[in-house]
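**Q** predicted coordinates and the sequence they were generated for:
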Amino acid sequence: MRVRVLGAVELICDDGTVQKLSRTRRTLLALLVAARGAPVSSDLLVEELWRGSPPATGVNLLHQRIRDLRRALGEHRHHLERRANGYALVGADVDQVRFEELVEQGCASADAGDHERASMLFDAALGLWTGGAYGGVGESQMIATEAARLDELRLVAVESRAAADLALGRQAAVVGDLGPFVQDNPLRERLWLLLMTALWHSGRTAEALDAYQRLFRLLRDELGVEPSKDVRDLHLRILDGDDPEPTPEPAHERIVPRQLPPVVAAFAGREDHLTMLDELAAEDEGRAVVISAIAGTAGIGKTTLALYWAHRSAHHFPDGQVFVNLRGFDPRDALDPLDALGVVLEAFGVERSRQPQDIDGRAGLLRSRLADKRVLLVLDNARDSEQVRSLLPGSPGCVTLVTSRNRLSGLVAEAGAKPMELGLLDDVEAYELLAARLGEDRLLAEPEAVERIIELCASLPLTLSVVAARAATRPAYALADLADELGESRLDGFGGGRGDLRATFSWSVRHLSDPAARLFRLIGLHPGPTLTVLAAASLAGVPRVRARRLLDELTEANLLTEVAPGRFVLHDLLREYAADLASHEPDDVRREAELRMIDHYVFSARSVHSAYDPHQSHIDPTEPIRDGVAVEVVGDSAEALVWIATQLPVMSRVIDAAVARSIALDRIVLLVAALERLLDLQGRWIELAALAEAALPGIRRSVSQGGDPAGLGVLHRAAGAACGRLGRVEDALDHLGRALDLAMESADLAAERKDPAPAGHRGPRPPAITPGLLRTRLGRRRSSPGRATPSRAAWTTGRLGLYEALDGDYASGLRHCKAALAGLRRVAPGNRSEGNVVATIGWIHQQLGSFDEAAGHFEEAVTKLRAAGDLPGLADALGHLAETRTALGKHEDARCARVECDSILAQLG
């Protein structure tokens, strides 16, 4: 029996179930625990239980409640002792006691300089908490006092863990840990001090300075005081540009990935292989175990075996289990080793923007991250040894499973990998697989039919699984009839020692409902690697709920696998079969499905982009969307980034397929444009450059045949910006030069919103963009109701004001910028452009010598641009703010702005 008070008060039985107690009994239990073993008088218990109005029979009622509590304690009732004038709970297993012991041990370890052990102990102590102390009980002063004491000790443990982690170089973990506690305890200065230190040591100087400003304003407004001397001293050190004290590299991160996809519950056979894997992992840790099939054989169960063993052995790898599909035999493209390294590093908390841009750099970083850890890597569907080699960790505590259709002899020879070849199931194993899926009683009733099914499937696990799924959905159907149907559906006979897969697949598809069979065929048009419910709905042109039901039917038939909620994959053989079926659909059916699919990704990207940056979508709001297209909707920028991470590989393939077939190329331009800002935010410039450059050949063909050249300019500009970020200077100049040439040839600036300079940038503008052309554009928008959206008109007005000011017409520029600002605040409050326009107004005042006006506008712009996450615009505004403060003689304030500006510029590279 255990008592929990670090959260809701609960009495937990030995079997883990929670004993049901009334609120009064929970309060009584809490009062006894709060006394920490000391006796509590009957009078005090009555007063606390019926606070304010104890009944006349309070003592008698107390004795009844005590008897009830003793019954609930069962065989542990001896812990509740009767004392001379009251009661005491002595020697019970209480989480509060364990918490205080762990905190005491952690403090002792920290004092002794053992920060690793201290961090572990504080982590264990804090892990006992599930909510506020003593939750779910009646009002009691005694309980409230004890809860407050524990809450204070909890904060001490949080601060002590953060200090230990900082000593170990785990700055990133400290920032994540402290965030919620700072929010809940905004006046606790030590939390802010530790957070500022962690941000500073992480190279996030601007955020550290912003944290100080938030604390300064809070203390001034709430208490009328300044931060403590320790906090002020740290602030000055950051401003002075002092280097943070050296700290060790973060050798240990608390991020523990658990990425193994679900495995089939009815696994059967392969006992010898499972035993071999156990032995290999135990005797030769740190080597790669290769599971490869007999040459040329697919669908033999390599991935199923690897995942089954991985789940069974996961407890041996407490630092994480990572799964990567290398797509080695995908008909379109295998996963590049550089991208595969990026996926694994992201699993351990290394953002793409902070990863090296070459294979050797990423491989070295991965080995450093996995040093002294026990991690399992499952690398599925490898093409060759070269694809895998850079992913192998050097730590002896790590094990790598690699599945491939090839033997990977190079990996065996060079890396010492242990080969394991899978063959077909024997008859006993095939029988066990069917029995696991269908139940042995059903098999015993028709032994001859079972033998025939195994023979027709040639004991290949994939075909057996498909047939078993079909049989499981029809429990009343005779297995003999199923065997007859399977035999009749054979198309090309048998070959190569195995049943013809097309025969099995066609038999399974033929028994689907007509709508599900149609969806399966259309899925053959989808490039993969994963399919969402909304993408499937768009392919079929059906509502989301109906698409979900059809996907469930395909999953039940073992034709699809749901690897994550709402995300599906096909085995590569099934994908090839679906593509073959799709090729026989009428041309107009295929084309309409492909166009709906492309529109799904285009308009979903626009929707996701708008969630990150409202009113700044690169897609014209009047652009029509086809009937039957389902669009993804996300709630905020965090969800937007998650969507990008999961769907970017799919959209890359969509672009490749559309370019190859010259389908909907105008939509592909819009897709790249919508993705550009999100990829730039994540520092995924390699992917951005690849997407834009992959789309260029198709758009060039379209332009050569009379298509609109505006899309070509959009792609060159996106590719040029990405190449510039990556240091590919020659490529960047080539792309941007071509974009500029296209803009100069265009009289109406169709690409005006792709202007490389942000609204707050006062550098030279591209020669093609002039105030006259912007006035023309603004006039067209005002005269064209279909295009004159208020936010876009306000945007154009702001650009006009900027370029007029750049030409020296400050009065007209200021008038137009103020008009643009009023428009943006009316139709798009909080929009990123609002901060840029405010900064432009400040710049105009700066040029006119009105430094007080300029400083006020730059300060407002800094606030808005910081909130919008526009780092380039923020750096620009801070630089001008520093200049105006210097002109006003506010040198210390100017230095603060300059330090933050320089920090952001360094972060942007």
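**A** Received the coordinates, thanks.

**Q** off-centre distance for stretch 848-858?
**A** How far stretch 848-858 lies from its chain's middle: 42 Å, per CA atoms, centre = their mean, to the nearest Å.

**Q** cool, and stretch 323-340?
**A** Offset of stretch 323-340 from its chain centre (CA atoms, centre = their mean): 20 Å.

**Q** angles on the backbone of the closest residue in space to residue 664 that isn't next to it in sequence, please.
**A** Leaving aside its chain neighbours, residue 664 sits nearest to residue 598 (4.7 Å; criterion: CB to CB, 6 or more residues apart in numbering). Where you see a C-beta, it was placed from the backbone N, CA and C, and this is true even at glycine. The phi and psi values for residue 598, taken as degrees, to the nearest 10, are phi -60, psi -40.

**Q** any low-confidence regions in the stretch 101-250 of the chain?
**A** The stretch 101-250 of the chain contains residues with pLDDT under 70 at 241-250.

**Q** and the helices in it?
**A** For the stretch 101-250 of the chain, applying DSSP state H, counting those that start in this stretch gives helices covering 115-126, 141-167, 171-184, 189-201, 205-222, 229-239.

**Q** mind exporting the helix or strand just after the shortest one as CSV, just the C-alpha atoms?
**A** For helix 229-239, the following helix or strand on the C-terminal side (DSSP states H and E) is helix 271-283. Provided in CSV are the C-alpha atoms of helix 271-283 (Å, rounded to 0.1, in the frame of the first residue of the first chain):
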residue,chain,number,x,y,z
GLU,A,271,12.5,-18.5,-33.1
ASP,A,272,16.0,-19.5,-34.2
HIS,A,273,16.6,-16.0,-35.7
LEU,A,274,15.3,-14.3,-32.5
THR,A,275,17.7,-16.4,-30.4
MET,A,276,20.5,-15.6,-32.7
LEU,A,277,19.8,-11.9,-32.4
ASP,A,278,19.8,-12.1,-28.7
GLU,A,279,23.1,-13.8,-28.7
LEU,A,280,24.7,-11.5,-31.2
ALA,A,281,23.5,-8.4,-29.3
ALA,A,282,24.8,-9.8,-26.0
GLU,A,283,28.2,-11.0,-27.2
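
**Q** which helices and strands does helix 271-283 pack with?
**A** Packing partners of helix 271-283 (3 or more CB pairs under 8 Å, 6 or more residues apart in numbering; DSSP states H and E): strand 288-293, helix 302-312, strand 418-422.

**Q** between strand 418-422 and that helix, find me the angle.
**A** 170 degrees (axes from the mean of the first three to the mean of the last three CA atoms, to 10 degrees).

**Q** residue 13 and residue 21 touch, don't they?
**A** No: the pair residue 13 and residue 21 does not pass the contact test of CB atoms under 8 Å, sitting 11.8 Å apart.

**Q** which of the two has more neighbours?
**A** Shown here are residue 13 and residue 21; by other CB atoms under 10 Å, residue 21 has more neighbours (18 against 13).

**Q** report the helix or strand with the lowest average pLDDT across this structure.
**A** The weakest-scoring helix or strand in the chain, judged by mean pLDDT, DSSP states H and E, is strand 288-293 (a mean of 47).

**Q** follow-up on the earlier one: what's the most buried one of the helices of the stretch 101-250 of the chain?
**A** The highest mean neighbour count among the helices of the stretch 101-250 of the chain, using mean count of other CB atoms under 10 Å, belongs to helix 189-201: a mean of 23.

**Q** export that one as CSV, just CAs?
**A** The C-alpha trace of helix 189-201 is given here as CSV (Å, rounded to 0.1, in the frame of the first residue of the first chain):
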residue,chain,number,x,y,z
GLU,A,189,14.4,35.5,-9.5
ARG,A,190,16.7,32.5,-9.2
LEU,A,191,14.7,30.7,-11.9
TRP,A,192,15.2,33.7,-14.2
LEU,A,193,18.9,33.8,-13.3
LEU,A,194,19.3,30.1,-14.3
LEU,A,195,17.2,30.6,-17.5
MET,A,196,19.3,33.6,-18.6
THR,A,197,22.5,31.6,-17.9
ALA,A,198,21.3,28.7,-19.9
LEU,A,199,20.2,30.8,-22.9
TRP,A,200,23.5,32.7,-22.8
HIS,A,201,25.6,29.5,-22.6
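
**Q** what is it packed up against?
**A** Checked by 3+ CB pairs under 8 Å, 6+ apart, helix 189-201 has helix 141-167, helix 171-184, helix 205-222, helix 229-239 packed alongside it.

**Q** among those, which is nearest residue 416?
**A** Evaluated over those, closeness to residue 416 peaks at helix 171-184, with 33.7 Å, by CB to CB.

**Q** and the angle from the closest one to helix 189-201?
**A** With the same axes, to 10 degrees applied, the angle from helix 171-184 to helix 189-201 works out at 150 degrees.

**Q** quick one: contacts of helix 171-184?
**A** 155, 158, 161-162, 165-166, 188, 191-192, 194-195, 198-199, 201-202, 204, 247, 250, 253-255, 349 (CB atoms under 8 Å, 6 or more residues apart in numbering).

**Q** which residue packs closest to the residue most central in space within the chain, ignoring adjacent ones?
**A** The centroid of the chain falls nearest to residue 642 when counting by CA atoms, centre = their mean (4.2 Å). Ranked by CB to CB, 6+ apart and with sequence neighbours excluded, the top spatial neighbour of residue 642 is residue 634, at 7.9 Å.

**Q** one more: residue 395?
**A** residue 370 (4.9 Å).

**Q** doesn't residue 563 belong to a strand?
**A** Yes: the assignment for residue 563 (DSSP: H, G, I helix; E, B strand; the rest coil) places it in a strand.

**Q** now the helices for the stretch 501-650 of the chain?
**A** Taking DSSP H, counting those that start in this stretch, the helices of the stretch 501-650 of the chain run over residues 501-510, 514-523, 533-540, 544-556, 572-582, 587-612, 637-661.

**Q** do the same with the stretch 701-850 of the chain
**A** Counting by DSSP H, counting those that start in this stretch, the helices of the stretch 701-850 of the chain are 710-726, 729-745, 771-783, 790-806, 810-827, 832-847.

**Q** mind listing what's buried in the fifth one?
**A** Neighbour-count burial for helix 810-827, counted by 16 or more other CB atoms under 10 Å, picks out 810, 813-814, 816-821, 823-824.

**Q** okay, those residues in CSV with pLDDT and distance to residue 405 next?
**A** CSV is the format used below for the buried residues of helix 810-827 (pLDDT from 0 to 100; distance: CB to CB, whole Å):
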residue, pLDDT, distance to residue 405
810, 87, 69
813, 88, 65
814, 91, 68
816, 87, 64
817, 90, 63
818, 91, 67
819, 89, 65
820, 87, 60
821, 89, 62
823, 85, 60
824, 82, 57
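
**Q** closest to residue 391 among those residues?
**A** residue 824 (48.0 Å).

**Q** grab the nearest non-local neighbour of residue 398.
**A** Excluding the flanking residues, the one nearest residue 398 by CB to CB, 6+ apart is residue 375, at 4.7 Å.

**Q** so the one you found touches residue 314, yeah?
**A** No: the pair residue 375 and residue 314 fails to qualify as a contact (CB under 8 Å) at a distance of 10.8 Å.

**Q** these two: which is more packed in?
**A** Under the neighbour definition other CB under 10 Å, residue 375 and residue 314 were set side by side, and residue 375 has more, 23 against 14.

**Q** quick revisit: can you redo the helices of the stretch 101-250 of the chain as a markdown table with distance to residue 593?
**A** Formatted as a markdown table, the helices of the stretch 101-250 of the chain follow (distance: least, CB to CB, whole Å):
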| stretch | distance to residue 593 |
| --- | --- |
| helix 115-126 | 52 |
| helix 141-167 | 52 |
| helix 171-184 | 43 |
| helix 189-201 | 49 |
| helix 205-222 | 47 |
| helix 229-239 | 57 |
